[in-house]
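# Please find the sequence and the predicted model below.
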Amino acid sequence: MKQTKLSPFIYFLSLALLIIINSSHSWARQSTPLPGAERPELYLDQLQGKNVGIVANQTSILPHSANKHVVDFLLEKGVKVKRVFVPEHGFRGRADAGEKVDNTVDSKTGLPIISLYGNNKKPKPDQIADLDILIFDLQDVGVRFYTYISTMHYLMEAAAENGKKVIIFDRPNPNGNYIAGPVLQKGFESFVGMHPIPVVHGLTVGELAQMINGEKWLKGELRADLEIIPVANWDHTTPYNLPVKPSPNLPNDLSIKLYPSTCFFEGTIVSLGRGTHFPFQVYGYPDPKFGNFTFTPVSIDGMSKNPPHQNKKCFGVDLREESMNHEFTLKYLLDAYRKSEKGQDFFTDYFNLLAGTDQLKKMIMEGKSESEISASWEADLEKYSSLRKKYLIYN
């Protein structure tokens, strides 16, 4: 058979294109944030021959490797992953907020999956007895009441109690460029707030893990044997677009930016859009005085099966045109409170746990302005800011 020869021009053109493509891939890795999971040169050697457990979910991916899941990657590299622990929302991230997550088996790998939500928030001694190393690799959003950091706390505590090493595969914080909101006060600790940090804490999970260890916040003032695999090409001023939604009701980057401000509606009678495809980006109530924008929450499998005000037409405000530079504000909460004219009945018992204090509710009911309320926690934020500097990994 006669072979067709490439002309010298076509040959060199093809070679040049190949060089450009390879160079662009290399440049992308050097210029875009690289999560800790994508830096195997920093951790693979110490995992070889060890029995490993990992806290992971749908966010535990390698974005520059076709979104390969970290569990699949570790198994391919010969790491002996013995079991997977999962936080709120489960391994694939489809469980509703607060929904029970069962222990199961991963259909792809056959690995046992242990829920760290509900009655088993902290790994039991028998669940980690045969493990040498525990890895934590979840995408956080930088807000105190986002429960992945509570799961990390309990993992560190179990490891410290049972002599196990913890490795944090760090990831960028999409709200990591500032701090804001009330600092949690003693007596208001819960799974949606375990640490004396503000609503927007300005730390990656790796930095917060160092703070938990350094400030001896684990039970009995224990300290975990801790190692952080840092993010490359990122600092606290670098914007970061999440490649995968971190939980069912944070579907896009704007919802993540609005989340610190609109999540307070979880502790009120007002809907924040659960049961729509734009949760945390609207708010409303079944009363026309709340606004001209309307939406009707419905059951949505994989997002919200039983949303507040289900099948009722809600009137309120659409925030989907908000700037991506949005930072924490009380204006939506204060707006809805005033319109409600319900006083104490506007709030549920959950509100003070989200706030981490009872003072925010009191000041709202006293008719204080946003600037007056914000001034009340400035001293605490200044103190926290000084503490935060001690544990920063990134500028």
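Okay, I see it.

# Give the burial count for the closest residue to residue 32 other than its chain neighbours, as a bare number.
Spatial nearest neighbour of residue 32, excluding adjacent residues (Cβ to Cβ, 6 or more residues apart in numbering): residue 233 at 6.0 Å. From N, CA and C alone the C-beta is placed, and that goes for glycine too. Residue 233: 13 surrounding residues under other Cβ atoms under 10 Å.

# any idea how far residue 233 is from residue 240?
11 Å (Cβ to Cβ, to the nearest Å).

# Next, show the common contact partners of the two.
residue 33 (Cβ atoms under 8 Å, 6 or more residues apart in numbering).

# wait, isn't the residue nearest to residue 32 in contact with residue 36?
No - Residue 233 is beyond contact range of residue 36, at 12.0 Å (criterion: Cβ atoms under 8 Å).

# The residue nearest to residue 32: what's it in contact with?
By Cβ under 8 Å, 6+ apart, the neighbours of residue 233 are 30, 31, 32, 33, 34.

# Output the below-cut-off pLDDT ranges for the stretch 51-200 of the chain.
89-90, 92-102 (pLDDT under 70).

# mind listing the strands in the stretch 51-200 of the chain by residue range?
51-56, 61-62, 68-69, 80-86, 104-105, 112-115, 133-137, 165-169, 180-183, 198-200 (DSSP state E, counting those that start in this stretch).

# Can you give the distance from the fifth one to the centre of its chain?
For strand 104-105, the distance from its own C-alpha centre to the chain's C-alpha centre is 23 Å (Cα atoms, centre = their mean, to the nearest Å).

# And the contacts of that strand?
Applying Cβ under 8 Å, 6+ apart, the set of residues contacting strand 104-105 is 91, 111, 112, 113.

# Now for residue 123: which residues touch it?
Contacts of residue 123 (Cβ under 8 Å, 6+ apart): 53, 85, 114, 116, 134, 154, 155, 158.

# would you say residue 336 is within a helix?
Yes - counting by DSSP: H, G, I helix; E, B strand; the rest coil, residue 336 falls inside a helix.

# That one and residue 264 touch, don't they?
No - look at residue 336 against residue 264 with Cβ under 8 Å: they stay out of range, at 9.5 Å.

# Check the contacts of residue 123 against residue 299 and report the nearest one.
residue 116 (26.3 Å; Cβ to Cβ).

# quick one: the closest one from residue 270, how far?
On the measure of Cβ to Cβ, residue 116 and residue 270 end up 30 Å apart.

# Please apply the same query to residue 59.
28 Å.

# cool, residue 226 as well?
For residue 226 relative to residue 270 (Cβ to Cβ), the value is 40 Å.

# go on, residue 114?
On the measure of Cβ to Cβ, residue 114 and residue 270 end up 36 Å apart.

# What of residue 311?
17 Å.

# Run through the strands of the stretch 201-350 of the chain in chain order.
Under DSSP E, counting those that start in this stretch, the stretch 201-350 of the chain gives strands at 225-229, 282-285, 293-295, 314-318.

# Which one of those lies nearest to residue 385?
Of all these, strand 225-229 comes closest under Cβ to Cβ, at 20.9 Å.

# Could you pull out the buried residues of the closest one?
For strand 225-229, the neighbour count (16 or more other Cβ atoms under 10 Å) marks 226, 227, 228, 229 as buried.

# Just to check, residue 61 is in contact with residue 246?
No - between residue 61 and residue 246 there is no contact under Cβ under 8 Å: 11.4 Å.

# Pull out the buried residues from stretch 252-265.
252, 254-265.

# again, but for stretch 158-174
Buried-residue list, stretch 158-174, by 16+ other Cβ under 10 Å: 158-162, 164-174.

# How far does it stretch from one end to the other?
Using Cα to Cα, to the nearest Å, one end of stretch 158-174 lies 28 Å from the other.

# centre of the chain versus it, how much separation?
15 Å.

# Among the buried residues of strand 225-229, which pair sits farthest apart?
226 and 229 (11.1 Å).

# Between those two, which contacts overlap?
Common neighbours of residue 226 and residue 229 (Cβ under 8 Å, 6+ apart) are 167, 168.

# quick one, helices of the stretch 151-300 of the chain?
205-214, 253-262 (DSSP state H, counting those that start in this stretch).

# Let's have those in a markdown table, adding distance to residue 290 and mean pLDDT.
As requested, the helices of the stretch 151-300 of the chain are arranged in a markdown table below (distance: least, Cβ to Cβ, whole Å; pLDDT from 0 to 100):
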| stretch | distance to residue 290 | mean pLDDT |
| --- | --- | --- |
| helix 205-214 | 36 | 98 |
| helix 253-262 | 14 | 98 |
